[in-house]
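Participant: I'll drop the sequence and a predicted model, then ask my questions.
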Amino acid sequence: MKVTKEKAAEHRNAIVQAAGRLFRERGFDGVGVAEITKAAGLTHGGFYGHFASKDALAAEACGQNFANSLARLPGGEAATTQDLSAYLDNYLSERHRDLPGDGCPMAANASDLARQGEDVQRRSAQGVERFIDGLMERLPAGTPRAQGILMLSAMVGGMTLARATARSAPELSMEILESVRAQLVQLAAPAKRA
């Protein structure tokens, strides 16, 4: 039975969404094509009609994960310090820590990305660049780009460390989340005029 173009596009999107979630939860090497297609509600057999390889899927899923993450940033140039503060509260939260499949690809896959193929690394680098640019649009005018890079690095690093300590040292995990969040909110605030 022939599948319509619309249905094929739905299937492809379902595969990309499932892969993005599973890659964030278990890493790129921690999940296979059969698991991804099953999570998408499809059979393994149709996978290669959509993608030449798992690496090709990983690159597309990586790009989509970064696009989704960027879309969560508050309101562009119209964003207020309160909007960015609320975003940081959400990003550096217990919920985000405990549900990596729903969250940021940088925090979920940072160390794993360096071991992936060229296409995945390229998509990742583009995503990081766009995310830094997105942060810069939301910071007070004149904020040095280095500050945006520092903020992103602290967000990702703080979340990574909070996840790494959540089971064995839950108090430390919470301290990391709270400390990084407080420092970043302060860093994002407009400078006080003398």
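Facilitator: Alright, I've got the coordinates.
Participant: Low-confidence regions, this protein specifically.
Facilitator: 1-2, 76-81, 191-194 (pLDDT under 70).
Participant: can you give me the strands in it?
Facilitator: Assigned by DSSP state E, the strands in the chain number zero.
Participant: Helices of that one, residue ranges please.
Facilitator: For the chain, the helices defined by DSSP state H cover 5-26, 33-39, 47-50, 54-71, 81-91, 94-98, 105-113, 118-138, 145-165, 170-188.
Participant: Output those helices in a markdown table; the columns should cover mean neighbour count.
Facilitator: (Glycine included, C-beta is placed from N, CA and C.) Shown next, in a markdown table, are the helices of the chain (neighbours: other C-beta atoms under 10 Å):
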| stretch | mean neighbour count |
| --- | --- |
| helix 5-26 | 18 |
| helix 33-39 | 17 |
| helix 47-50 | 15 |
| helix 54-71 | 20 |
| helix 81-91 | 17 |
| helix 94-98 | 16 |
| helix 105-113 | 21 |
| helix 118-138 | 17 |
| helix 145-165 | 18 |
| helix 170-188 | 16 |
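Participant: Quick check: end-to-end length of stretch 30-41?
Facilitator: Start-to-end span of stretch 30-41 (C-alpha to C-alpha, to the nearest Å) is 19 Å.
Participant: Export only the CA atoms of stretch 146-153, formatted as CSV.
Facilitator: Extracted C-alpha coordinates of stretch 146-153, given in CSV (Å, rounded to 0.1, in the frame of the first residue of the first chain):
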residue,chain,number,x,y,z
ALA,A,146,31.7,37.0,26.1
GLN,A,147,29.0,37.4,28.7
GLY,A,148,26.5,35.5,26.6
ILE,A,149,29.0,32.7,26.1
LEU,A,150,29.7,32.6,29.8
MET,A,151,26.0,32.5,30.6
LEU,A,152,25.4,29.6,28.2
SER,A,153,28.4,27.7,29.5
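Participant: and that stretch, how far out from the chain's middle?
Facilitator: Its chain's average C-alpha position is 16 Å from that of stretch 146-153, according to C-alpha atoms, centre = their mean, to the nearest Å.
Participant: And the contacts of it?
Facilitator: Stretch 146-153 has contacts (C-beta atoms under 8 Å, 6 or more residues apart in numbering) with 106, 128, 131-132, 135-136, 139, 184, 187-188.
Participant: Just the closest of these to D112, please.
Facilitator: Ranked by distance to D112 (C-beta to C-beta), these are led by M106 at 10.7 Å.
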